[in-house]
Each structure stands twice: as structure tokens, then as C-alpha cells.
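Engineer: A structural model of the following input is requested.
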Amino acid sequence: MIAGVQHNEGGSELDGGPRTRERERMCAATRTVRPVSELIRFVVGPQGEAVADVKSRLPGRGIWITATRDALSEAIKRKVFARGYKREVRLPSDFVASTDRLLEQAVLDALAMAGKAGLVAAGFVKAEKALESGDAVALLHAVEASPEGTRKLDAAWRRLTGRPPVVIGFLTSAHLDLALNRPNVIHAALLAGPGSETILARCRRLERFRTGDLNN
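Structural biologist: Okay, here's the model as predicted:
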């Protein structure tokens, strides 16, 4: 037994973990206690299917899995969901890939809200001005962005802040167009304000899921 862990009645793994200020839970696959920022919560839907609760808002008891592809694949292999819920749980064949898509969509949802709140300066010139004014907390470069444009904005960030740039670079132009409701977005700057940290936190979680690096 890990000190500080509050076990549920009957030894259930559902929503298991210590209730600390840091909000930690136990990974049902690795049995490791981690901050919730390094985990993904899963619940069972009305049709008996597992659903990734990427915003931690869905009702019902949940299982927490370390937020990497490998950990989720291992949980599927070891039948962690059926064991935790003590029932048959339906897992789609593309469950890992669909979880990736949900994590990505959570980023886009937060970005769309930030755009509506005026917290995104879209376009090379506006992004550059946001850097010069000191309002930018991250740069967005579409996957299709030219190396030259990316290099110029990244260099401006370094020159003005003395630090390496914070870059969101895994979204396509189509993703950015849809989230920001405008065409041909290649470069943009995320501005400081309510919701910005949510976007960055969701980006970090998606990157951890894809790379397996829990230290970023």
C-alpha cells in the first residue's frame, strides 16, 4: 500500500489516489501515483464503451491512466478497464488513436475560445507586433509554415525576451483556420490572459501523450 493513498470501498481502482492539494491519482496500469496533469481520466459511456474524459468533466466513476500512448496501450493489453469496473468494457480498435484526437480537439476548443476572447493575434505581422509589445506567451506556427517565417518570429522572440520561444507547432493551417474562424492562418501569437495557460497545459499533455516524455 502506498502511504497517503485513499482506497475506495472493495479495493476498487475507480478514481483512486490521494486527495492532496496537488490533486494526484493512481495510474490503474502502472500503479504509480501522479499529478492529474500527467494522467487521463476514462469513464464508461451508456453503451458500455470506454470514453476519454480529456476535460475531466464527465459524470460517473473514472479510471486514470498515465497520459502516454504506451501506458494506454499497456492498460488495454492488461484489461485494466474490465478489471477496474468489474464488468465488460467495450474498447474500439482505434482507442489509442481516438484518444489522441480527443486530446487534440481539446487544444482546438481552448484555442477557439481564446480567439473569441481576443487572445490570439493571427497573421505574421500581428504576431510580430504582439512580440514587440510583450503580450505574447506563445507562438503558433502551422505545420505548413515556411522555415523562413518561423525562423524570423522565433528569432524575434529570443531577441526580445532572451529566452527560447514557446512554440505550438503541431497544428495544420486547416486546424488554425477552423479554430480561429478565419482563412489561411500560418502564424499567430497567443496573448497573455484567461485561458492561455489552459491552452499551453493541453498542448503539453498532447505532446506527452505522443512522445511519452513526462518531463516536458
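Engineer: any chance you could map the strands in the protein?
Structural biologist: With DSSP state E as the criterion, the chain has strands at 24-26, 33-35, 39-44, 50-53, 63-66, 120-122, 136-141, 167-168, 187-191.
Engineer: Adding mean pLDDT, write those strands out as TSV.
Structural biologist: Listed next are the strands of the chain as TSV, based on pLDDT from 0 to 100:
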stretch	mean pLDDT
strand 24-26	92
strand 33-35	92
strand 39-44	95
strand 50-53	94
strand 63-66	96
strand 120-122	97
strand 136-141	98
strand 167-168	97
strand 187-191	98
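Engineer: Turn these into TSV, including distance to residue 94.
Structural biologist: Using the backbone N, CA and C atoms, a C-beta is placed for each residue, glycine as well. Formatted as TSV, these follow (distance: least, CB to CB, whole Å):
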stretch	distance to residue 94
strand 24-26	25
strand 33-35	25
strand 39-44	15
strand 50-53	12
strand 63-66	16
strand 120-122	31
strand 136-141	28
strand 167-168	25
strand 187-191	30
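Engineer: would you list those in a markdown table and tack on distance to residue 91 and mean neighbour count?
Structural biologist: What follows is the strands of the chain, written out as a markdown table (distance: least, CB to CB, whole Å; neighbours: other CB atoms under 10 Å):
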| stretch | distance to residue 91 | mean neighbour count |
| --- | --- | --- |
| strand 24-26 | 20 | 22 |
| strand 33-35 | 22 | 17 |
| strand 39-44 | 10 | 24 |
| strand 50-53 | 5 | 20 |
| strand 63-66 | 12 | 26 |
| strand 120-122 | 36 | 25 |
| strand 136-141 | 33 | 23 |
| strand 167-168 | 30 | 18 |
| strand 187-191 | 35 | 25 |
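Engineer: Nearest to residue 157, out of these?
Structural biologist: strand 136-141 (6.4 Å; CB to CB).
Engineer: which residues touch that closest one?
Structural biologist: 120-121, 127, 130-131, 149-150, 153-154, 157, 165-169, 171, 176, 185-192, 196, 199-200 (CB atoms under 8 Å, 6 or more residues apart in numbering).
Engineer: Look up the residues forming beta bridges with residue 25.
Structural biologist: Using DSSP bridges, the bridge partners assigned to residue 25 are residue 34.
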